[in-house]
Structure formats: structure tokens, C-alpha cells
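Chemist: Dropping the sequence and predicted coords here.
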Amino acid sequence: MPLLVFLLKRLGWMLLTLWVVYTVSFFLMRSVPGGPFDSEKQIPEPIRRNIEARYRFDRPLIEQYGRHLWDTLHLDFGPSYKLEDYTVNEILAEGFPVSASLGIFALTFALTLGMTAGVVSAVRRQSVFDFSFMALATLGVAVPNFVLASLSVVLFVFVLGWLPAAGWGSLQQIVLPALCLAAPFAGYIARLTRTGMLEVLNQDYIRTAYAKGLSQRRVVLRHALRGAVLPVVSYLGPATAGILTGSLVLERIFFLPGMGSHFIEAALQRDYTLAMGTVLVYTLLLFTMNTLVDLAYCIVDPRVRLEQQA
Amino acid sequence: MPPWIRRVFPYAVLASGLAAVAWAAFFGTLPPADFTFSNGDEVQTVDPAKATGQPENRVLNGLFEGLLTNMPTTDQPDEQRLVPMEPQPAVAESLPEISEDGRVYTFKLRPSARWSENNGLGGRPVTADDFVWSWRRTLHPDTASKYAYQLSTYLENADKYNTGLVEEGDRVEVELADRPDPIQPFPRGTIVRGTLRRIVRPPAPAADPAETLEQRETQWRRRWTYVVEIKPVLPDAGQGGRVETHESPVDWAAEGNLRAFSQDPEQAEQPGAEFGSLGAIQPCVHVLLDFGQVGVRAEDERTLIVTLRNRTPYFNSLAAFYTLFPVHRECVEKYGTPRWTKPENIVSNGPFQLQFRRIRDRIRMVKNPHYWNADQVALNVIDVLAVKSHTTGLSMYLEGQLDWASNVPKLMIPELLPRDDFITAPALITYFYRVNVTRPPLDNVLVRRALNLAIDKRQICERVTKAGERPASSLVPPGMAGYEAALCGQFDIAEARRLLAEAGYPGGRGLPKVEILYNTDDNHRAIAEVIGQMWKEHLGIDVELKNVEWGNYLDRQRELDYSVSRAGWIGDYPDPNTFLDMFVTGGGQNQTGWSHPGYDALIAQAAAEPDPEQRMRQLHEAERILMDELPILPIYYYVSINMVKPYVRGFSANILDTHPLHILRLDGNAASASLPAEAASPSEPASPAEPPSSFVPAVPAETDTP
């Protein structure tokens, strides 16, 4: 029962958030100078009027807002102003899976690399592993992903020749962008895991476990990791958000046809409907991810109750 | 939380994680293309009536074909390593016959030109009616074509049809409000034709502060009542099977019936009693000039007659431009816009057809077996990549993922310049600064001349742009046959200082700060910095750089909210007029506030001048005025930059930066495409001895210069 109440409450908040985001974006976009039909070449006045009439630009702003909101409620984001052969729904449907694949790989890399490095560093404290992993982690957090991307293209594509430079359509092509996207999160997760592990390893129950004669592997993986993973779980929410929105620049550099590239182009070209569609999808995703993480947290940590989370 | 959930949870998370990774790792396989190139950006549309840019140009010339097409006239490059390009027969079997006064063009269509087949549509010949219908579609107000002016400026009466303005006494076509789909302009509702007798305008509505003037005007027009004398339909109409004649021709000489129409009959006013009883006002969608009045008609299936408003020496180039390409009527009417452009629906008539599109990834084109010259088309599968980042494009090219990169990052140019596969050619593009002549002290011509003389353009080309651009002393770039440009003053510091002193600002004293406006771009910034430095150093002027983003930049320029603003212009067709007619008084692209009656008169005279040499002299005189008055400061002429793998044949450098895809061939077999150049075997010349008369646009039309 508390679960249902929790979910319903979250749903209510989500709808409210979406509406606020919608409204703010709508009026912000239209208050920025320039419009979707501007170009260096002037369009004759009557033609411009026809174009504007087709997209309801000739109506008062509040009417545009109302009508577009109505369509949006029916999950119809309208035609794209710039990619004229497509509707926003079609563009999102094509772009989302690309960003999702990239995000899934990046998150997987971030978790496996980060947690492995964190556990090894904590167990072999003050060793060469510890120092080098933590140095790498700091670098990963500190270096912006587009710098990392350029460097890794030079290294893996032109020096070593292992991976293709850019594009979308095969597993090799996803490795570089996913690694670059994952790097800062892997670094952060490594540090979180290491701190968590160190704290847990000093606890009495770990000493007890060792005293029982359990092997180190069993103690670390079975008993210690459980406690150490809690901060990582709570970090997953912001990490997912960061990975989703952090792919904007990488999608451009690695020529990936994902949501991020649509979002940048839409914002720059004043493609209002497409920009709105991507903003709403991002909002929805972030909200869903945060809710899932909160749920997971309750399951993993018995001290946390759903009521508190809601 | 029940304990079992806690126990199952880690496994559930692991399982769903693995499932997600498995899903993400699944990629369909895509057979490789014969030829892959970067197109610079995603194309906005593949509808010829709506497209506006250079990326669209490259794709549309593969998919469609116009009456004429720009083709190299020889394989032999001239001393500048350029190959001349000229409009040559495509769907038309020969160059058009032109009447004595230069206004009537008769095109004979090739009987073998046919449409592609898709989903049971197409496969039939391309007829003159296809062109009439397509041009009408482009001009129709509901199509809202941004490039409709490529037709409406030149075709007789086309601008009237395009803008939807009618006057009493005009022959009009009235479209009744019975369209099958109100949002789709085609297929249209029932059309009746007649002579417009009277427009009854209700009193104009009072000003409402919530509405703009345009909104009020649009609302007001909807309530106008049109009294039209509807003419009887000719008895044998609809026969003969010609597409265009489905819309019954009428007997203009006969007596007709008076009827009243309005877009909004409920709000409209009944016309007065002098017309007798008209009955109820009928709802209509449009009252437009009768298309029969517009200067294009199909004499028969294979003869297209085009009547121009004025003599237009460059009309052949326009006939090769994509806005004038035909589209397949049945396809457009069946699926509507934009659904007809989907790969599963589209019917086209070019050397290639659309196989699939992935947004901001690629467009795949495959050879069109119905193309009249399909035997000569060597490439079977072409991938057009929407690579936006020049750096990424260059990486992909160097790594072998691309056969042709249509641009490179500026910073890499000095390093790439010595390479054999790095091809630059002068382009019909000028980089210049607009000067706002309404803003003191720039309203003083002496100040403008001083500013021009103080710019060392050679240094900009050698130190900043570096790709072989040439310093500009005129608006019209070199390369226009028969035209000699009028030049402005060259770099001369002493003279610049003297002029500035003469203007009343000796040593720059008393001169207000000058602001240089540019849109976000490294190249624009670098140039603005250098020019600002030169003005400061040589003239003692305080210069401020103003960097704004694209939309803002366009707004400010349009509203004359700047002092000096960066600009670029790509010639629409290889004729000086495309540059010079920008600066007539009140012209849409003028945007400097400059106005000169002598200049306007010369441009108008040149438009009507029958003698080509005299016409060029008039244009030269006009440019003379422009270069004396300097509402613009020319900086440099662009070069086009391409990198093409050595095994690609048929790719020629030319001033139009137009590269017909259907004459490209690859040395050796397709496998050699990925081998380094040395491995490719020498082969026959690029284009067949007799160039197939087809394709490619004359006209690079993108103005949003990088």
C-alpha cells in the first residue's frame, strides 16, 4: 500500500513538474530573439505570412500556448519546423534509442569500472593499485568529456587504429563515445566505493566474518560490498541524469544521431516544437530515473522507508 | 518491504541490466555503400519546392532532375585547374529555343525521361504537364515555398499568383471549400474560373493592441466578398487525358453567371444591389489569379512554353535549379505533404532514388533503373552523411569512412593544403561587411572609404582564412563570364587617414566607438579581431566586437541595430545581377539603409536591356556607384573546399561547387574503395567522351554562409 501511495504522489508531482517545465520553456523560447523561419535571405512578406499561418504563428501567443499544450497532452508534439519531412514524434522515436543505447553502455562502463577500481583500491589500500586508480579517477572527473573524446580519437583511431572515428551502426562505434561519456562517472563511483568500503571494512561485523574463517573474497564481495554500495545507489540518480544530458557534445563529436544532437540543433535553430519535445522527454526521463533510484534505495537499505522518500 | 523482494532484488537488477545491454548491443547490419560523402548538415526536406540549402542541393540533384542540369563542358581543366560548368539538356532533350525578345523559352522534353516506381505509382514519362503542375504547386500560397521567388521573380504574372493578390477585372480561379483534406493544398477543392468583378471590403477593424498589423490585415481579408463572373466550362473539357486539363478550361469569351465568394461567408458583407440577386455567399479557400495567366503552359505532352516577365539571360541556370524540378503529382496528391517524401512513398525522376533516411545520420540513395540515362550511372549505392562537425568529417575521411568530405576544419587547412586530394576552387561567394549608413558617423561616405582603405585584406587571406581565398575589392566575385567588376580602393593607410581628417575626425579624434557585429563562429571572430585591430592602429578608431548568436544576429541586421556587420553572399546563379540587385532601395537583403536612385535605375535598365554587352556595362556602372559609396566593405572571395579520394573519377573543381553524383565513378572494383590511393589502378577518364546530358544544379543557393 505505501508503495502505491508513493507512486501516485510521484506521478502527481511529475505531471506538475512537466507542466511547469512546459510553460517556462514555451515562453522562454519565444522570448529569445529570432524565430524558426529567419534566414539570411529574406523571405517575401506574403510568403512569410503563409508560413506563419501554417504553424499558427499568426495567432496570439496565449492561443498558441493553449493549442500546443492541448496537442502535447495528446502526445502529439506537432511537426518539426526545421526537419520539415518529419514530425517531432518521429524524430524522438528515432533519436531516443540511440541515446538510450549509448547511455546504457556508458552506465555499464561507469559501474563496472568504477566499482572494480573502488573495491580494489579499498582492499589494497596504499598500494600501487590504490594510487594509480585514484589518480585515474581524479583525472576522469576533472577532464571534460569533449577533451577526452578528442584525445581518445587520436589515440585509438589514428595511432592504434583499433576503433572507427565516428558514426553509428556497430558495436565498435559505440565503445569510444560510451567510454568518454562514462569516464567522469566512473571516477566518481570509484571514489564513492572506495570510501564506502573503507568505512565498512573497519566495522565489527567484518572482523567477525574474518574471525569465522571466511575467505577474503567472500568477506569483501558478500558482506562488505553490500554496505559500501549504498552511496553508489543514491548516486545513480544524478549519474543517469548526467549521462543522458552529458551526451550532447559527444553526439556531435562522434556523429551519433541521438536525442542530444536533435536538442542542440533545435535550440540553435529555434525549432520550437522539437526543442519542446526533447525537453519534455528529458524531464520525464530524469523524473522516472530518480523515482526508480528512490525505490531501489528503500529495497537495498532497510533503514529507509518509502514515506520518507515521498 | 517484504524480505523476499530484498532477496530477489539484486538478481532482478542484474538481469534487467544484462537485458538492457543486450538490447543496446543489437545492431542491424547495413550493407556498405559504394560511395559515401559528408553533406555538412541534415537536409531539411527532400521536397524541391521547399528546400533552400546547399546540403539539400546535393541530395535533390541525385533524386530529381530538372529541364536542364549543370554539367562540365569538358574534362580538361583550365589553367586555374577549374572545369567550366554550364546548364545542359536533362529532361529537356536540347537547350530551349528562345524567342527574339528573349522572353519566351520553348523546351522540348525527352520522350525517354520517366518517373521512378514506388508502391504502384510512377513509371510513366515525365511530361510538360508535370512541370506546369509542379511550378504551380511551388507558387501556390499554401505551399509557402521560401524559394518560390526563383520562379515568381521571372515568370510572367507568377508573383501575383504567389502572393495571392487579385484586382477587379482579373481572371481568377476560385477554390471552393471542399478540399478532401483542409490542411493539404493538394488535391485542391473544386475550382471555378471567371472574371473578378468587385471586391466588397467591410470597414477595416479597429486597432487591437493585442494584435499586430499583419494579423489584423489577415483577419480582415478573410471577410472580403469577391463577386466573380463565373465562365462556362468548355464542352469537350476533361478529354485527352492530359493531367492539367482535369481542371476544365473555360470559355472566357462567353457570358457568365455572377456569384459571390468569401473565405468567411458568415462575417462577410452581402454585395450591393447593383449585381442583382447573387444568392448566398459561397465559402471558398482562395481567390487567386487564374493560373492560365501565369507564364508557363504545356503545349502538348512534350512541349513546355515558358514566358518570362523580362529578358533573363541566366534563365537556363534557373531551369537547372532545384526549385524548378518536377514532382510527381499523383504521389503528392495521394500521400500529402510531407508524407509523400517518405522513402516508402516518394516517386522521383533523377539518377537515384531514396532508399531510406535516418535523421541526422544518413540518406541512402540507390540507382534509379527508370532513369533515362541509367546506363551511364556508375554508382549503385550512395550514402549521404549529415556530419555537422568538420573535424569529425575530416577524421572519417582520413580513416576511410568517407570518399568525399565537403568541408574541413579551418585550423587544418595549412596542413592539408599540400595534399593532392585537397581541392580548392574559387566560388561565387563574397565575404563582406555591411555598414549601417543611417548611423553617424558611418553616414559619411568619407568615413566609410577610410574604413575600407584601412583594411589589409591580403593579410586576412594569408594569416586568417589561409585556404587560398583572394582579397576582394568588389562585391561581384571574379568568374562571371563577360563581366568586369568595378573596384573599390585598395589598402592605403595614408589616404585613409587623409579621408578621415577630411571627414572631420583627424587621427580618429571625436569619432564615436564603432561596433562590429558577427554571429558566433571562430572564423568571423578572428576576422573581426584583425579588422578591429587595423582600424584602431591605422585610424585611431575605438572598435568593439559584438558577438551574438545566429537568430539574434539576423534580427539585429534586419532592424539596422548595428554599426558594422559581417555578411556573406552566395550567388544564386552565375550572373552579376544576383549580387547587385541586393542593394536596390528597400531590397529585402539590403539591410544597410543605403539608397541611391542612380543605382536603382541602372539595375532596372539592365533587367530590360536586350544587348548582353550593354547590360554588363550597366551592371558595371551600378557596381561602380556601390564601390564609390561603400555601404558594404568587401573583404574576400571564398574558395570551396573539398577532399576527394584519388580513386574517385569525374569529380571536378568548378566555381559553382557543384558535383554531379551520377558522373562519378570509382577506379577498379568497389573493394578498392577502401584501399589507399597507391593501390588503385589507373583508369579511364571520369566522364564519358560525350557527357550524358543531364543533371546538377546550377545554383548553390545557400546564403547562410559559414
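Modeler: Sure thing, it's come through.
Chemist: which residues of the stretch 101-250 of chain B score low on pLDDT?
Modeler: Where the stretch 101-250 of chain B drops to pLDDT under 70, the residues are B:210-212, B:214-215, B:236-248.
Chemist: what's residue B:307 sitting at in phi/psi?
Modeler: phi -110, psi 120 (degrees, to the nearest 10).
Chemist: Not counting sequence-adjacent ones, nearest residue to it?
Modeler: Once flanking residues are discounted, residue B:307 sits nearest to residue B:295: 3.4 Å by Cβ to Cβ, 6 or more residues apart in numbering or on different chains. Using the backbone N, CA and C atoms, a C-beta is placed for each residue, glycine as well.
Chemist: need the contact list for that neighbour.
Modeler: Residues near residue B:295 by Cβ atoms under 8 Å, 6 or more residues apart in numbering or on different chains: B:155, B:156, B:157, B:158, B:306, B:307, B:308, B:309.
Chemist: Let's see the pLDDT reported for the last one.
Modeler: Spelled out, it's residue B:309. What the model reports as pLDDT for residue B:309 is 91.
Chemist: Wait, it touches residue B:160, no?
Modeler: No: with contact defined as Cβ atoms under 8 Å, residue B:309 does not reach residue B:160; the gap is 10.7 Å.
Chemist: Pick out the residue in chain B sitting closest to chain A.
Modeler: Closest to chain A within chain B is residue B:551: 1.8 Å, counting by Cβ to the nearest Cβ.
Chemist: How many neighbouring residues does that residue have?
Modeler: Using other Cβ atoms under 10 Å in any protein chain shown, residue B:551 has 18 other residues around it.
Chemist: What strand or helix carries it?
Modeler: helix B:550-558 (DSSP states H and E).
Chemist: Redo the contacts of residue B:295 as JSON lines? Include neighbour count and secondary structure.
Modeler: Formatted as JSON lines, the contacts of residue B:295 follow (neighbours: other Cβ atoms under 10 Å in any protein chain shown; DSSP: H, G, I helix; E, B strand; the rest coil):
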{"residue": "B:155", "neighbour count": "24", "secondary structure": "strand"}
{"residue": "B:156", "neighbour count": "17", "secondary structure": "coil"}
{"residue": "B:157", "neighbour count": "20", "secondary structure": "coil"}
{"residue": "B:158", "neighbour count": "27", "secondary structure": "helix"}
{"residue": "B:306", "neighbour count": "26", "secondary structure": "strand"}
{"residue": "B:307", "neighbour count": "17", "secondary structure": "strand"}
{"residue": "B:308", "neighbour count": "22", "secondary structure": "strand"}
{"residue": "B:309", "neighbour count": "17", "secondary structure": "coil"}
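Chemist: Which members of these are the farthest-apart pair?
Modeler: In the contacts of residue B:295, two members sit farther apart than any others by Cβ to Cβ. They are B:157 and B:306, at 12.2 Å.
Chemist: And the pLDDT at residue B:677?
Modeler: pLDDT, residue B:677: 37.
Chemist: before we move on, what about the one 5 residues further on?
Modeler: Per-residue pLDDT puts residue B:682 at 37.
Chemist: just the helices in the stretch 351-500 of chain B please.
Modeler: B:390-399, B:413-416, B:445-453, B:457-459, B:493-502 (DSSP state H, counting those that start in this stretch).
Chemist: Count the neighbours of residue B:420 for me.
Modeler: Per other Cβ under 10 Å, the neighbour tally for residue B:420 reads 8.
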